[in-house]
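> what follows is a predicted structure for the sequence shown.
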Amino acid sequence: MTMNNNGPIEGRISIKNVSKIYDPDGAKVLAVDDCSLEIQPGEFCVIVGPSGCGKTTLLNAVAGFHSISSGSIELDGRAICTASHTEPPSAERIVVFQNGALFPWLSVLDNITFGPEAQGKMTRGEAVSRARELLAELGLAPIAERYPGEISSGMKRRVEIARALINDPKVLLLDEPFRAMDALTKGVVQEFLLRVLDKMRKSVLFITHDLEEALFLGDRVVVMTTRPAQVKKTIMVDFPRPRTYRVRSSQRYLELKEQVFEAVHEEARKAFEAGEREMA
Amino acid sequence: MNLIKLRKAIFSKSVLRGFISVGGLIAFWELGRRLQLPGLAVVPAPSEVFAALSDIVAKPEFWDHWYASFTRVLGGFIAAQLIGIPLGLMMAMNRYFHAFTFPLLEIMRPIPPLAWVPAAIIFWPTTELSIGFVIFLGAFFTVVVNVIGSARNIDVRYLRAAQSLGSRPIDIFKRIILPAVLPGIFIGMAVGMGITWEVVVAAEMIAGKSGLGYLTWSSYVGGNYPQIIIGMISIGIAGYISSSLIRLFGRFVTPWQSTQ
């Protein structure tokens, strides 16, 4: 893997008419309804929507963690998930989870070498030297020998992003990765993610509740409806890259924020009222 | 610097409080014997136990009893780990195997190990083997239950992350499932070790010809009262040494645990 500014030619995700029905004990629940979305190679696509709307369901289907009921998901034209076939998870589409999933029993370094070693892509020696390079580039070298339990939550997220990137994935799938972080740490880690992606562009599917985060990070913000999930509105975010936190005080930012907020708020209210009806 | 720390650790208030409580107990016990307080009047006083100690400790048989109990505990305990850990892992990972074995385990588990003594003596050809078997049972169920519990509690995020990073099932087992259950295994070991000492002492009292349990019981039968106390304290120390060793071993094998 080399870090450069050339745009990637791979990593196109095509989500075509995807529906997902959960059928726990006979009570069918439509989680995703005829959802279509295309993520261009190297595009940072953010999905926002009310809690429980089916965003994570969609991301998990792209990751290969579960099947879909109809439609198809393609990666660079290859069907990776259809109603009849789900390609198992692999390192070409790596997930960074909501609460973080660094392995507590491995040091930071061993967490990062885990992928290349598991895939048999590198020997232990190669993986270690590549991991050290990457850690140095990302300013994480001093914590290489630490266990995840010994570093801060902000550091953990950075390590987890590094652990994904060493595999040179085509797609990064981030499921509310910065949730439950304090605002300051969150800002720092967001900037870290942007800096890394400026160096090595990847297609990104990013889920969040945080509208500010969506606008700051994304090339495009997709607002989902309340369950069953459908695309409600797509907002192109045209701030140039590299971005810094200053973006957030621009007039354009406020305009976009209002657009996104309006769309999300409407859906959140519907979700809330639907919840009230269920309770009644 | 470190010497100061050491001195602070030794002369800290909590250590002092510990000494006060232990010292207080000994003083109360000694006084109780001398003042012929009801109950304590017949118990040998600490001074008497202490006087008998040097004689008893000098006898090689005393240490033979230590050795006998330790080897029994170790044998039964290790056998319980060797069989219990793989069994627990299999039960946790295979639904069908679990369905077949779990009811059996749950029926056997509530039977106290000591209730097995008569059946064990009939079944096994030697007394030594039957004691070993009863000790094995004492640790076995605790181990199995702890392994199943911790294997089932592995966070699905770790499994998914490993899959997402391209692991094959064998790697997931070696690099995710095993390390994730290790802390649970050590908790099972520590609890199991405690049970093992309870069981060995009782089994030796019933059926043994050696060991710390036998020493304590035979001292009673032979009327050597100070030796009863020394036997009891020996059992306490032996159990403490065993569980400390397990804690040390656990800390060595799961170094990340102390960081969480």
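Great, that's in hand.
> low-confidence ranges in the stretch 151-280 of chain A?
Applying pLDDT under 70 to the stretch 151-280 of chain A picks out residues A:276-280.
> which residue ranges form the helices in it?
Assigned by DSSP state H, counting those that start in this stretch, the helices in the stretch 151-280 of chain A fall at A:153-165, A:183-199, A:211-217, A:251-279.
> right, and the ones you listed - which one's nearest chain B?
For chain B, the closest of the helices of the stretch 151-280 of chain A is helix A:153-165, at 7.4 Å, according to CB to the nearest CB. Just so you know, the C-beta spots here come from the backbone N, C-alpha and C atoms, and that holds for glycine as well.
> could you export the closest one as PDB, keeping only the C-alpha atoms?
C-alpha atoms of helix A:153-165 as PDB (Å, rounded to 0.1, in the frame of the first residue of the first chain):
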ATOM      1  CA  SER A 153     -10.800   6.500  23.500                       C
ATOM      2  CA  GLY A 154      -9.600   9.000  20.900                       C
ATOM      3  CA  MET A 155      -6.400   7.000  20.400                       C
ATOM      4  CA  LYS A 156      -8.300   3.800  20.200                       C
ATOM      5  CA  ARG A 157     -10.400   5.100  17.300                       C
ATOM      6  CA  ARG A 158      -7.300   6.200  15.500                       C
ATOM      7  CA  VAL A 159      -5.700   2.800  15.900                       C
ATOM      8  CA  GLU A 160      -8.800   1.200  14.700                       C
ATOM      9  CA  ILE A 161      -8.800   3.300  11.600                       C
ATOM     10  CA  ALA A 162      -5.100   2.400  11.000                       C
ATOM     11  CA  ARG A 163      -6.000  -1.300  11.600                       C
ATOM     12  CA  ALA A 164      -8.500  -1.100   8.700                       C
ATOM     13  CA  LEU A 165      -6.300   0.900   6.400                       C
END
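> just checking, A:Phe206 touches A:Arg179?
No - assessed by CB atoms under 8 Å, A:Phe206 is found out of contact with A:Arg179, at 11.8 Å.
> quick one, which of the two is more surrounded?
In terms of neighbours (other CB atoms under 10 Å in any protein chain shown), A:Phe206 is the more surrounded of A:Phe206 and A:Arg179; the figures are 24 against 15.
> ok, that one - contacts?
Neighbouring residues of A:Phe206 by CB atoms under 8 Å, 6 or more residues apart in numbering or on different chains: A:Phe44, A:Cys45, A:Val46, A:Ile47, A:Leu174, A:Pro177, A:Ala214, A:Leu217, A:Gly218.
> just those residues now: which is nearest A:Val108?
Distances from A:Val108 to these, taken as CB to CB, are shortest for A:Pro177 (17.0 Å).
> skipping adjacent residues, who's closest to the closest one in space?
Spatial nearest neighbour of A:Pro177, chain neighbours left out: A:Val96 (4.7 Å); criterion: CB to CB, 6 or more residues apart in numbering or on different chains.
> what's the answer for A:Gly218, then?
Excluding the flanking residues, the one nearest A:Gly218 by CB to CB, 6+ apart is A:Val46, at 3.6 Å.
> the strands in chain A, which residues?
Taking DSSP state E to define them, one finds strands in chain A at A:13-22, A:29-39, A:44-48, A:70-75, A:78-82, A:93-96, A:171-175, A:203-208, A:220-224, A:231-236.
> could these go into a markdown table alongside distance to A:Ile151?
Output for these, formatted as a markdown table (distance: least, CB to CB, whole Å):
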| stretch | distance to A:Ile151 |
| --- | --- |
| strand A:13-22 | 32 |
| strand A:29-39 | 31 |
| strand A:44-48 | 26 |
| strand A:70-75 | 33 |
| strand A:78-82 | 34 |
| strand A:93-96 | 16 |
| strand A:171-175 | 19 |
| strand A:203-208 | 23 |
| strand A:220-224 | 31 |
| strand A:231-236 | 35 |
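> the residue nearest to A:Pro177 - how many residues pack around it?
A:Val96: 23 surrounding residues under other CB under 10 Å.
> how close does it sit to B:Phe11?
A:Val96 is 50 Å from B:Phe11, where distance means CB to CB, to the nearest Å.
> and if you look at B:Ile246?
For B:Ile246, the distance to B:Phe11 - CB to CB - is 29 Å.
> and the two? Which one has more around it.
A direct count of neighbours by other CB under 10 Å for B:Ile246 and B:Phe11 places B:Ile246 higher, at 19 against 9.
> which strand or helix spans the more buried one?
Per DSSP states H and E: B:Ile246 is located in helix B:225-253.
> ok, B:Phe62 next?
For B:Phe62, the element it lies in under DSSP H and E is helix B:60-93.
> which elements pack onto that helix?
helix B:95-108, helix B:127-152, helix B:178-207, helix B:212-221, helix B:225-253 (3 or more CB pairs under 8 Å, 6 or more residues apart in numbering or on different chains; DSSP states H and E).
> now it: buried residues?
By 16 or more other CB atoms under 10 Å in any protein chain shown, the buried positions in helix B:60-93 come out as B:62, B:65-66, B:68-70, B:72-73, B:75-77, B:79-81, B:84-85, B:87-89, B:91-92.
> what does stretch A:36-45 give?
Using 16+ other CB under 10 Å as the test for burial, stretch A:36-45 gives A:Leu37, A:Ile39, A:Pro41, A:Gly42, A:Glu43, A:Phe44, A:Cys45.
> likewise stretch B:138-151?
Going by neighbour count (16+ other CB under 10 Å), the buried part of stretch B:138-151 is B:138-148, B:150-151.
> residue contacts, A:Lys28?
Contacts of A:Lys28 (CB under 8 Å, 6+ apart): A:Ile21, A:Tyr22.
> contact residues of the stretch 151-260 of chain B facing chain A?
B:155, B:157-158, B:160-168, B:171, B:175-176, B:179-180, B:182, B:254-256, B:259-260 (CB under 8 Å from any CB of the partner chain).
> of the residues you listed, grab the buried ones for ChimeraX.
Selection of buried members from those for ChimeraX, criterion 16+ other CB under 10 Å:
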select /B:157,158,160,161,162,163,164,165,166,167,171,175,176,179,180,182,254,256
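> please parse chain B into its domains.
Domain assignment for chain B by automatic domain parsing gives B:1-43, B:49-255.
> can I get those domains in CSV including mean pLDDT?
What follows is the domains of chain B, written out as CSV (pLDDT from 0 to 100):
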stretch, mean pLDDT
domain B:1-43, 83
domain B:49-255, 91
